[in-house]
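Asks: What follows is a predicted protein model with its sequence.
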Amino acid sequence: TSSRCRRTSSCGSSSPSRRGRNTGIDAADFSRELARLLPTFLAGQRWYAGVERPSLQIRRIDTLVDGWPTLLWLLVEVRGHEGKGAPSWYQVPLGATPERPGHLPDAALLGRIDTPRGAAHLFDALADDHLALEFAHHVAPDLHLNSVRPLPGEQSNTSLVLDERYILKVFRRVQPGPNPDVEVTEALGKVGFGGVPVPVAVWRRNNTDLAVVRRFERSRGDGFELATTSLREMFNLRRPPRDCKLDFAADARLLSSDVARLHVALAEAFGAEPADGDAWASDMVAQLKRVASGRLDTDRITSIYERLRGAVDLGSAIRIHGDLHLAQVLRLQRHWMVLDFEGEPARPVEERRRPSSPLRDVAGMTRSFQYAAAMALRGLDEPDRELRVLADAWTVRNVNSFLAGYAEVDAAHRLLPQARASRDALLSVFELDKAVYEVAYELA
């Protein structure tokens, strides 16, 4: 389902649209003021991939709702200093009101500009309930919506719960063409896979996906929440994980079989092909160069990636999730649901679409178990040696449960390298690649 914008034009248009009918905000003047206000605002957003001394241009300004409060839609292009480097595009819905919105946090505020109708205060429209609901109506006009609340937590995008029945995901960083999260879930729905939320409405402009609405799934929590709860109980009891009521091993095993079935469905939806170790190594080296920033030992890391070149027992290549971790899965009553198929935001979208090994997703989960244990330890005042040993035991137990459960799904196992040593070696390479991504993400 696609809903049309009230002003349709290319997302790459370089000309801001004309002034709103009632606000009197001139687009040219507005663009100049935004060039001054946006960098500080963007730098405070989790979904922004920071660059040093950014060069910023406003590529599109549309008025979605006239009058006060005003709802504006911006397409912002960001490059490195003096316009160097590949561009990144962000959609930024903004609100404007005569009065400073005191109910919003400072991170949602941009500042004040002058307009022919007087001063206007600019802010993130999706942080304001009224304008967020107006934006949702614009994305999905066929849904009769009455309430909105933000989904908590740091994300690469912005998600809003609508009427406690739907969830609206706004892609903050946009790329021309279909968004992988929409593309993959639509394809999985067509082959009958029930472990992903399929779109109810998609907002597209010139074949570029900007936002998607799906049904809001009631769950026991996401994987990271449940894993953290399990770790806290173990720390409080100071007992091995297998002796704790909230032992996560059974959940990890079920999760692995659901992920394995996801990979089988992805192979059905998009096909499978022989692995290409040379191409995988080239992508990893290119990603390392993009994100290293002089702070990683690129020579040592590259030497490990290069081991893939010429390797023969690598299994099959399929379309994968690309950024799988515990916070991307929801525990429903009888199974896990997998979310967010965009892939790693730091990788070019064409690279995220390329077939890869299912073990890349498996590596994302094994790293996520390690990350959950480390974060749980970090939350303690002074973890002693016993607690650190328990955290390691929890990690090993759940990683082994996950790997064992995955191996039990024969159709998925056949997509992997056939020799145990080859599987272990390839998994280790992908774990290193994931660790590089995690460090680079936090540095950015």
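Replies: Sure thing, it's come through. Numbering: from 1, shown residues only.
Asks: quick one: contacts for F341?
Replies: Residues near F341 by C-beta atoms under 8 Å, 6 or more residues apart in numbering: 180-181, 183-185, 196, 321-322. Yep, even glycine has a C-beta here, placed from its N, CA and C like the rest.
Asks: For those residues, which single residue is the most surrounded?
Replies: Highest neighbour count within those: H321, with 29 neighbours (other C-beta atoms under 10 Å).
Asks: now that residue, nearest residue through space, not along the chain?
Replies: Nearest residue to H321 in three dimensions, chain neighbours excluded: D361, at 4.9 Å (C-beta to C-beta, 6 or more residues apart in numbering).
Asks: burial count for that neighbour?
Replies: D361 has 26 neighbouring residues, counting by other C-beta under 10 Å.
Asks: Specify which member of the contacts of F341 is nearest to P240.
Replies: H321 (31.3 Å; C-beta to C-beta).
Asks: Let me know the secondary structure of the closest one.
Replies: When classified by DSSP: H, G, I helix; E, B strand; the rest coil, H321 comes out as coil.
Asks: what pLDDT does it get?
Replies: Note for H321: predicted pLDDT of 98.
Asks: distance of it from S282?
Replies: According to C-beta to C-beta, to the nearest Å, H321 and S282 sit 21 Å apart.
Asks: quick revisit: which strand or helix spans the residue nearest to H321?
Replies: Applying DSSP states H and E as the criterion places D361 in helix 358-378.
Asks: Which elements pack onto that helix?
Replies: On a contact count with 3 or more C-beta pairs under 8 Å, 6 or more residues apart in numbering; DSSP states H and E, helix 358-378 meets helix 223-237, helix 249-270, helix 385-407, helix 420-443.
Asks: Thought V259 was touching the residue nearest to H321, still the case?
Replies: Yes. Between D361 and V259 there is a contact under C-beta atoms under 8 Å: 6.5 Å.
Asks: so what's in contact with those two at the same time?
Replies: L324.
Asks: How far does the helix holding D361 sit from its chain's centre?
Replies: Centre-to-centre, helix 358-378 and its host chain are 16 Å apart (C-alpha atoms, centre = their mean, to the nearest Å).
Asks: what does stretch 201-220 give?
Replies: Distance, centroid of stretch 201-220 to centroid of chain: 13 Å (C-alpha atoms, centre = their mean).
Asks: Just the pLDDT for the closest residue to R360 other than its chain neighbours.
Replies: Spatial nearest neighbour of R360, chain neighbours left out: F430 (4.8 Å); criterion: C-beta to C-beta, 6+ apart. pLDDT, F430: 97.
Asks: TSV for the helices and strands packed on helix 358-378, including distance to P54 and mean neighbour count?
Replies: Formatted as TSV, the helices and strands packed on helix 358-378 follow (distance: least, C-beta to C-beta, whole Å; neighbours: other C-beta atoms under 10 Å):
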stretch	distance to P54	mean neighbour count
helix 223-237	31	19
helix 249-270	35	21
helix 385-407	38	18
helix 420-443	16	17
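Asks: Now do the contacts for the closest residue to S293 other than its chain neighbours.
Replies: Leaving aside its sequence neighbours, S293 sits nearest to L443 (C-beta to C-beta, 6+ apart; 6.2 Å). By C-beta under 8 Å, 6+ apart, L443 lies in contact with 291, 293, 295.
Asks: ditto for F430
Replies: Applying C-beta under 8 Å, 6+ apart, we find F430 in contact with 357, 359-360, 362-363.
Asks: One more: L56?
Replies: L56 makes contacts with 35, 38-39, 42, 76-79, as judged by C-beta under 8 Å, 6+ apart.
Asks: Run the chain-centre distance for the helix or strand containing it.
Replies: Using DSSP H and E, L56 maps to strand 55-65. Taking C-alpha atoms, centre = their mean, one finds strand 55-65 lying 23 Å from the centre of the chain it belongs to.
Asks: next SSE after that strand?
Replies: Once the chain leaves strand 55-65, the next helix or strand it forms, by DSSP H and E, is strand 70-79.
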